[in-house]
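Asks: curious how this folds, go ahead:
(one chain, ligands or ions: 1)
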Amino acid sequence: MNKKHKKLAVLPGDGIGKEVVDEALKVMNAVADKRSLHIDLSFADVGGAALDKYHIPLPDETLQLCLESDAVLLGAVGGPNWESQPHHLKPERALLKLRQELGLFANVRPAKVYAPLIHASTLKAEVIRDIDLIVMRELTGGIYFGEPRGIRQNGKEKIGTNTLVYSSSEIERIARAAFDMAGKRRKKVTSVDKANVLDSMQLWRDVVCEVAKEYPDIELNHLYVDNCAMQLVRNPGQFDIILTGNMFGDILSDEAAMLTGSIGMLPSASLGKYTAMYEPVHGSAPDIAGKGIANPIATIASVAMMLKFSFDMPGEADAIEHAISAVLDDGYRTPDLMEQGKKRASTGEMGDLIVEALTQTLES
Ligand code: NAD
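Replies: Okay, the predicted model is just below:
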């Protein structure tokens, strides 16, 4: 059989970034070993690591490598060493520039509860039992980028302005991405806006309704953002895909994420015009960096998303998710998830256990 060749740009970044990326690569290599897949790995610096070497958070070589690759795997950026940098040289600027240059207009964050972790959530087990949703957030438009913006003096007063602007083509492309994804899942899109107050959100709703006509088998409903925030804690099982703009998505995706309990479990994908990027939702966790105790599952689950969305290997992606579930079922926990009676695993041990479970599935 012909081997599939894929070029992967690996940007470990700062803090626990390298530790969790190492484990995710073990899992990626296990898939490559058992399937006809050749992964060509290229490593590059980003964030604080790049600042230390090149005095900028996103060197041109790193960006070029990302543009030439089939996918990007990123760990995390930032930390106390670089906090005093001016705004344009903060490690986190690298993420904004990567989104912009790679045209990453859709951020995809799944929130799913692994049965063995059901008690890690602050919500009641019966409320979160059925959570399996995705927040699809528009990432390159809306109020975070709209013009005019800024703070100006007006007599004795200062006036701060930001502009919530969306064009119909921006709404159309993210809506299509949401409907396409819903078609591969439970076929339901909830579009979240504030059309009762904001004109740009009325346009959002109108365009989403237009796009929906092309997808007659997908159920569409609309919620105002305040109601959606409430429904997420009241009955999150009702959602399949939540489609929303940049700022509402920023807030709702964090809310949805916390339903599942631990930040160390949450993967994400950013999809767009060129290379897609996969990364855990968490940051560089300077408080635990270098201790070998970070939870690598978010990054491992990000590799599963990569296999599904960029490498067209949904079966292998499911196998990774099953392997994560099996290891948790066996009672292994990194310290962030530790409960009485469970078996404590380091970052490396958790990676090895998942590889072992995955290998068994891929061989059977
Ligand atoms: P953080 O996500 O790094 O950490 C928040 C808390 O969660 C910490 O107590 C940390 O120990 C814990 N945590 C995070 N990931 C974990 C994991 N995998 N396993 C176990 N525990 C985990 O957020 P923060 O502390 O607000 O930010 C730290 C740095 O990371 C800052 O410089 C921030 O700007 C940056 N940051 C980067 C990204 C990114 O690269 N995408 C995202 C968020 C924050």
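
Asks: run through the bridge partners of the residue nearest the centre of the chain.
Replies: Geometric centre of the chain, nearest residue: Ser268, 1.6 Å, by Cα atoms, centre = their mean. Partner residues in beta bridges with Ser268: Glu279, with DSSP bridges as the criterion.

Asks: switch to numbering from 45
Replies: Understood, numbering begins at 45; the last thing we discussed is Ser312.

Asks: touching, it and Val152? I think so.
Replies: Yes - the pair formed by Ser312 and Val152 meets the contact definition of Cβ atoms under 8 Å, at 6.5 Å. Heads up, the C-betas are built off the backbone N, CA and C, glycines and all.

Asks: overlap of the contact sets of those two?
Replies: Met349 (Cβ atoms under 8 Å, 6 or more residues apart in numbering).

Asks: ok, now which ones touch the residue in the stretch 145-294 of the chain that the ligand sits nearest to?
Replies: Sorted by distance to the ligand under Cβ to the nearest ligand atom, the residues of the stretch 145-294 of the chain start with Asn151, at 11.1 Å. By Cβ under 8 Å, 6+ apart, the contact list for Asn151 reads Val179, Met180, Arg181, Glu182, Leu183, Gly293, Ser297, Ser312, Ala313, Ser314.

Asks: can I get those in a markdown table with pLDDT and distance to Lys97?
Replies: Converted to a markdown table, the contacts of Asn151 look like this (pLDDT from 0 to 100; distance: Cβ to Cβ, whole Å):
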| residue | pLDDT | distance to Lys97 |
| --- | --- | --- |
| Val179 | 97 | 35 |
| Met180 | 97 | 35 |
| Arg181 | 97 | 32 |
| Glu182 | 97 | 33 |
| Leu183 | 94 | 28 |
| Gly293 | 96 | 33 |
| Ser297 | 91 | 32 |
| Ser312 | 96 | 26 |
| Ala313 | 97 | 28 |
| Ser314 | 97 | 25 |
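
Asks: which one of the residues you listed is nearest to Leu109?
Replies: Ser314 (16.6 Å; Cβ to Cβ).

Asks: for the closest one, what is the enclosing helix or strand?
Replies: Secondary structure assigned from DSSP states H and E places Ser314 in strand 311-315.

Asks: are we agreed that Leu139 is in a strand?
Replies: No - using DSSP: H, G, I helix; E, B strand; the rest coil, the secondary structure at Leu139 is helix, not a strand.

Asks: so it makes contact with Val121?
Replies: Yes - taking Cβ under 8 Å as the contact criterion, Leu139 and Val121 are neighbours in contact, 6.5 Å apart.

Asks: in terms of neighbours, single out the busier of the two.
Replies: A count of neighbours by other Cβ atoms under 10 Å puts Val121 above the other of Leu139 and Val121, at 30 against 23.

Asks: for that one, which non-adjacent residue is closest in space?
Replies: When the adjacent residues along the chain are set aside, Val121 lies closest to Gly91, with 2.7 Å between them (Cβ to Cβ, 6 or more residues apart in numbering).

Asks: can you give me the helices for this protein?
Replies: Along the chain, the segments classed as helices by DSSP state H run 61-78, 92-98, 104-112, 137-145, 169-172, 212-227, 243-256, 269-278, 290-303, 341-353, 358-373, 391-407.

Asks: save those helices as CSV, and put in distance to the ligand too.
Replies: Supplementary listing: those in CSV, determined by distance: least, Cβ to the nearest ligand atom, whole Å:
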stretch, distance to the ligand
helix 61-78, 6
helix 92-98, 8
helix 104-112, 14
helix 137-145, 6
helix 169-172, 20
helix 212-227, 20
helix 243-256, 26
helix 269-278, 20
helix 290-303, 10
helix 341-353, 6
helix 358-373, 13
helix 391-407, 8
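
Asks: deepest-packed of the ones you listed, please.
Replies: Sort those by mean neighbour count, taking mean count of other Cβ atoms under 10 Å, and helix 341-353 sits at the top with a mean of 25.

Asks: any regions of the stretch 45-194 of the chain where pLDDT drops low?
Replies: Regions of the stretch 45-194 of the chain meeting the criterion pLDDT under 70 cover residues 45-46.
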